[in-house]
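Engineer: show me the folded form of this:
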Amino acid sequence: MRDAFRRALREVDADVPAAAMRTMDEALELALAPRRMNLWLVRVFAILALLLAAAGVYAVTAFSVALRRREIAIRAALGARPDQNVRAVVGDAAPPIVLGLAIGAAGALIAAPALRSVLFEVEPVAAGPFTIVAATLLAAGLTAAIVAALPIRRIDPIEALKTES
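Structural biologist: Next up, the predicted model:
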């Protein structure tokens with residue numbers, strides 16, 4: 001098709017150069033390439049930030065559960081069943097995680113108007129990304145609490161109280 005256009009152009013005016021001929025799709029692709037690269041980088045960094053946040057929530061939750069080992073040993077010595085201890089640990093881990101999510105969502109909503117100038121035909125406050133981020137962080141926190149609480153089922157209260165003073 002380009003050759004046919006070049007021949008037709010030469011027939012009309014042989015002095016017009018036709019070397020840098022592109023289709024509209026190619027021109028559009030070339031014009032949007034820098035913006036697409038920037039958006040790709042933003043996506044990569046957003047995913048990395050989400051993974052780092054999830055790892056942080058996981059670490060803090062697991063650490064807070066580990067600090068309660070003595071308390072759980074005492075509860076077990078007083079007759080609490082292992083499943084009750086696991087439920088107590090997971091139940092106590094949920095409110096700080098939800099509070100952190102609420103504070104983060106409020107901060108994101110406050111910062112959203114600043115993003116309007118850099119977004120094109122995209123709303124800075126979209127329910128989909130908020131839901132995905134909140135669900136991921138909530139799952140990371142609750143998974144951390146459950147994983148950290150599972151060894152509690154096998155805890156020997158006497159040994160735990162001896163080693164922790």
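Engineer: C-alpha from now on. contacts and neighbour counts both.
Structural biologist: Noted.
Engineer: for the top helix by length along the chain, packing partners?
Structural biologist: Secondary structure of the chain per DSSP state H: the longest helix is helix 24-67. Contact partners of helix 24-67 among helices and strands, from 3 or more C-alpha pairs under 8 Å, 6 or more residues apart in numbering; DSSP states H and E: helix 82-115, helix 127-149.
Engineer: need the CA coordinates for the helix or strand just after that helix. CSV is fine.
Structural biologist: Going down the chain from helix 24-67, the next helix or strand is helix 69-77, by DSSP states H and E. Listed next in CSV are the C-alpha coordinates belonging to helix 69-77 (Å, rounded to 0.1, in the frame of the first residue of the first chain):
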residue,chain,number,x,y,z
ARG,A,69,3.3,-16.2,73.5
ARG,A,70,3.4,-16.0,77.3
GLU,A,71,-0.2,-14.7,77.5
ILE,A,72,-1.3,-17.6,75.3
ALA,A,73,0.6,-20.1,77.5
ILE,A,74,-1.1,-18.8,80.5
ARG,A,75,-4.5,-19.0,78.8
ALA,A,76,-3.7,-22.6,77.8
ALA,A,77,-2.6,-23.4,81.4
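Engineer: in helix 69-77, which residues are buried?
Structural biologist: Going by neighbour count (16 or more other C-alpha atoms under 10 Å), the buried part of helix 69-77 is R69, R70, I72, A73, I74, R75, A76.
Engineer: which one is the spatially most central residue of the chain nearest to, not counting chain neighbours?
Structural biologist: For the chain, L50 is the residue whose C-alpha lies nearest the centre (C-alpha atoms, centre = their mean; 2.6 Å). Leaving out its chain neighbours, the residue that sits closest to L50 by C-alpha to C-alpha, 6 or more residues apart in numbering is V133, at 7.0 Å.
Engineer: what about the one you found, how many neighbours?
Structural biologist: 18 (other C-alpha atoms under 10 Å).
Engineer: what's the distance between it and S117?
Structural biologist: Going from V133 to S117 by C-alpha to C-alpha, to the nearest Å gives 23 Å.
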